[in-house]
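>>> have a look; sequence and predicted model below, questions after that.
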Protein chains: 2
Amino acid sequence: MAPDPLGDQVSPSSGISAPGCVGILAGGGPLPAQVAQSVVAAGGSVFIIGFEGFAEPDVIAPWPHRFIRLAAAGEILSTLRQHNCRELVLIGPVRRPSFATLRPDAAGARILARIGRALFSGDDGLLGAIVRVLGEEGFVVRGAHDYLHASVGRRGVMGAVRPDSIAVSDITRGRNVVVAMGGLDIGQGCVVQDGLVLAVEAIEGTDEMLERAGRYRQDGRPGGVLVKMVKPGQERRADLPTIGPETVRRAARAGLRGIAFEAGATLLTDPRECVARADAAGLFLVGITTDGTVESLL
Amino acid sequence: MAPDPLGDQVSPSSGISAPGCVGILAGGGPLPAQVAQSVVAAGGSVFIIGFEGFAEPDVIAPWPHRFIRLAAAGEILSTLRQHNCRELVLIGPVRRPSFATLRPDAAGARILARIGRALFSGDDGLLGAIVRVLGEEGFVVRGAHDYLHASVGRRGVMGAVRPDSIAVSDITRGRNVVVAMGGLDIGQGCVVQDGLVLAVEAIEGTDEMLERAGRYRQDGRPGGVLVKMVKPGQERRADLPTIGPETVRRAARAGLRGIAFEAGATLLTDPRECVARADAAGLFLVGITTDGTVESLL
């Protein structure tokens, strides 16, 4: 029997030393606030840098924060130092920036030069380079999963629906596809329906892939499954796959029967609501691993 | 120096025995007529089965033909036998059928049962199964490339534009991606821009992938490249990658700088027009192979 995946959200996590002020570099979605809540519940304090155009004002408003442009690296670094943030967390989606709109400040231009070609070498290369530069600047970059234990998807079935044998076969095929793709630093997901790969995610993201998979689903056959996995060697401190209630809604709308995610390496933005929506729509949610049979995880 | 890739279209191909009546199972596009022309120029005769909803009336009208539903296998087989077609060619795109619209005739239902799960096991499995069933029915299935030597893309650069070193690097990365994907029976193509994989083709086809790659291209950097390769073990008698003037137009519209295709295993529907459009748009067209460096092919 798997442990209850819906544990206490604000439990301080092991491995994090006595918290000082944690700097949160916030993209979109609700997770920046959840990290802040977790840090404060553990006795620490936070300062949130909300990336303009990505961070949601309602989410970060309750916490000490400032909105700064993504490319204003000088302002970001000086703000973090001013607030004595030595530990940093990068959390929440940010679209890959375009050069034309970037307008880096002076420090941003120097950092772009240090990142260099990694800016165009796939998401992993880019995020890994950003984490490296922040380390060189004297910060300690933590993974959001260090603060959000209860939001990390675990092994096995969440909720009321279990995958049947065809779904297990599709999950296994999808896992093979995503692992192979991940080795080439491409995307984190695919959709498989009864053995047929309907869509593979590259730079367009999971939402657009799900929409496409819905258009190409094969009628007269069991619905497909979404499989999301971390890339081998992926910088887990910057870009974990994330599943939220909206993902479940989109998967249901695409005619899917369930979602398989990598256990221990996927953030669920709202585990209770994900399970409630999946149960209501008849979808399964299952945490899998890169090795072993999928059956053994159920 | 590569041989002229724009040779005589109607040359009879070696390896084809004294031609009787060749049955052409025709999907969309101009190639069914080109196969017919080649057979007739070599002294043979043809009968074309045009798949309803896919074969283009203007293309097959000049030749003896009948339009038949894809799933009316009994009528297809009896028509081929009635016209003494022992050799068959499958040519021109057909969308993967949906069960709901298939309405097989009695023979079609029996053949569907023989094809079985291959119908859902990826395009390769499906087409391979159809070729196998046609063989079991006593037909000899030829590849269209046996009749269209001059339309098979060759090694090296066609036209006036050559890929630069960044493009060569993108072609090499795209080749690695497509080969890895092909080993999993997924798609035949991808788009790479300056090291970044913009899009990977699954069931949606090249046109939709190109449109998506255009939306996600990164500005301020050299344009991307389209790479199309045959899957390892692909049934070459049923489904060779095809490039036509429309592909070149869509690639240019997506901001790409060129197209790399697998030499010896790609059909160019109209090589002269492909080159003319590519030259006019400043795109390169280059035939590559699965082994060796891309540079060595230029």
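It's in.
>>> what helix or strand is the residue nearest to A:Phe67 when sequence neighbours are not counted on?
Of all residues beyond its chain neighbours, the one nearest A:Phe67 is A:Gly50 (4.6 Å), with distances taken as Cβ to Cβ, 6 or more residues apart in numbering or on different chains. Placement of C-beta: from N, CA and C, glycine included. Assigned by DSSP states H and E, A:Gly50 belongs to strand A:45-51.
>>> please apply the same query to A:Arg66.
Per DSSP H and E, A:Arg66 falls inside strand A:65-68.
>>> ok, that strand: who's next to it in the sheet?
strand A:45-51 (parallel) (DSSP bridges).
>>> just checking, next helix/strand downstream of the strand it pairs with?
Following strand A:45-51 in sequence, per DSSP H and E, is helix A:57-60.
>>> ranges for the helices of the stretch 1-150 of chain A?
A:31-41, A:57-60, A:73-82, A:99-102, A:106-115, A:123-136 (DSSP state H, counting those that start in this stretch).
>>> let's have those in CSV, adding mean neighbour count and mean pLDDT.
Conversion of the helices of the stretch 1-150 of chain A to CSV gives the following (neighbours: other Cβ atoms under 10 Å in any protein chain shown; pLDDT from 0 to 100):
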stretch, mean neighbour count, mean pLDDT
helix A:31-41, 23, 94
helix A:57-60, 15, 96
helix A:73-82, 18, 91
helix A:99-102, 13, 68
helix A:106-115, 15, 80
helix A:123-136, 19, 77
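>>> chain B contacts on the stretch 151-298 of chain A?
Taking Cβ under 8 Å from any Cβ of the partner chain as the contact definition, the stretch 151-298 of chain A meets chain B at A:176-177, A:180-181, A:183-187, A:190, A:193-204, A:208, A:212, A:215-216, A:218-221.
>>> run the last query once more with 7 Å
A:176-177, A:180, A:184, A:186, A:194-200, A:202-204, A:212, A:216, A:218-221 (Cβ under 7 Å from any Cβ of the partner chain).
>>> where does the stretch 151-298 of chain A have low pLDDT?
For the stretch 151-298 of chain A, no stretch is flagged by pLDDT under 70.
>>> returning to what we had before: how close does the residue nearest to A:Phe67 sit to A:His145?
21 Å (Cβ to Cβ, to the nearest Å).
>>> now the strands for the stretch 101-250 of chain A?
A:140-142, A:156-158, A:189-193, A:196-200, A:225-228, A:242-243 (DSSP state E, counting those that start in this stretch).
>>> Serialize these to CSV and add fields for mean neighbour count and distance to A:Asp164.
Output for those, formatted as CSV (neighbours: other Cβ atoms under 10 Å in any protein chain shown; distance: least, Cβ to Cβ, whole Å):
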stretch, mean neighbour count, distance to A:Asp164
strand A:140-142, 18, 39
strand A:156-158, 20, 12
strand A:189-193, 29, 13
strand A:196-200, 29, 17
strand A:225-228, 29, 11
strand A:242-243, 24, 21
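>>> could I get these in a markdown table, plus columns for distance to A:Arg272?
A markdown table is the format used below for the strands of the stretch 101-250 of chain A (distance: least, Cβ to Cβ, whole Å):
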| stretch | distance to A:Arg272 |
| --- | --- |
| strand A:140-142 | 25 |
| strand A:156-158 | 10 |
| strand A:189-193 | 23 |
| strand A:196-200 | 28 |
| strand A:225-228 | 20 |
| strand A:242-243 | 13 |
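>>> ok, which of the ones you listed comes nearest A:Glu235?
For the strands of the stretch 101-250 of chain A, proximity to A:Glu235 was assessed by Cβ to Cβ; strand A:140-142 is nearest, at 9.1 Å.
>>> given that closest one, what are its sheet partners and their directions?
Here, using DSSP bridges, strand A:140-142 pairs with strand A:85-91 (parallel).
>>> which elements pack onto the top helix by length along chain A?
Counting residues, the longest helix found in chain A (DSSP state H) is helix A:165-182. Other elements packing on helix A:165-182 under the criterion 3 or more Cβ pairs under 7 Å, 6 or more residues apart in numbering or on different chains; DSSP states H and E are strand A:189-193, strand A:196-200, strand A:225-228, strand A:258-262, strand A:284-288.
>>> flag every buried residue along that helix.
Using 16 or more other Cβ atoms under 10 Å in any protein chain shown as the test for burial, helix A:165-182 gives A:166-182.
>>> domain ranges for chain A?
Chain A breaks down by automatic domain parsing into domains covering A:21-146, A:152-297.
>>> and the end-to-end length of the longest one?
It refers to domain A:152-297. End-to-end span of domain A:152-297 (Cα to Cα, to the nearest Å): 16 Å.
>>> can I get the longest helix of chain A as CSV, trimmed to CA atoms?
C-alpha atoms of helix A:165-182 as CSV (Å, rounded to 0.1, in the frame of the first residue of the first chain):
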residue,chain,number,x,y,z
SER,A,165,-3.7,-3.6,-19.0
ILE,A,166,-3.9,-1.6,-22.2
ALA,A,167,-3.2,1.6,-20.3
VAL,A,168,-0.3,-0.1,-18.5
SER,A,169,1.1,-1.1,-22.0
ASP,A,170,0.6,2.5,-23.2
ILE,A,171,2.3,3.9,-20.1
THR,A,172,5.3,1.6,-20.7
ARG,A,173,5.5,2.6,-24.4
GLY,A,174,5.2,6.3,-23.5
ARG,A,175,7.9,5.9,-20.8
ASN,A,176,10.3,4.4,-23.5
VAL,A,177,9.5,7.3,-25.8
VAL,A,178,10.0,10.0,-23.2
VAL,A,179,13.2,8.5,-21.9
ALA,A,180,14.6,8.3,-25.4
MET,A,181,13.6,11.8,-26.2
GLY,A,182,14.9,13.1,-22.9
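>>> distance from the chain centre to that helix, please.
Remark: helix A:165-182 is offset 19 Å from the chain centroid, using Cα atoms, centre = their mean, to the nearest Å.
>>> what angle separates that helix from helix B:165-182?
If you take axes from the mean of the first three to the mean of the last three Cα atoms, to 10 degrees, helix A:165-182 sits at 160 degrees to helix B:165-182.
>>> follow-up on the earlier one: got JSON lines for the helices and strands packed on helix A:165-182, with distance to B:Thr101 too?
Putting the helices and strands packed on helix A:165-182 into JSON lines (distance: least, Cβ to Cβ, whole Å) gives the following:
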{"stretch": "strand A:189-193", "distance to B:Thr101": "17"}
{"stretch": "strand A:196-200", "distance to B:Thr101": "17"}
{"stretch": "strand A:225-228", "distance to B:Thr101": "24"}
{"stretch": "strand A:258-262", "distance to B:Thr101": "27"}
{"stretch": "strand A:284-288", "distance to B:Thr101": "29"}
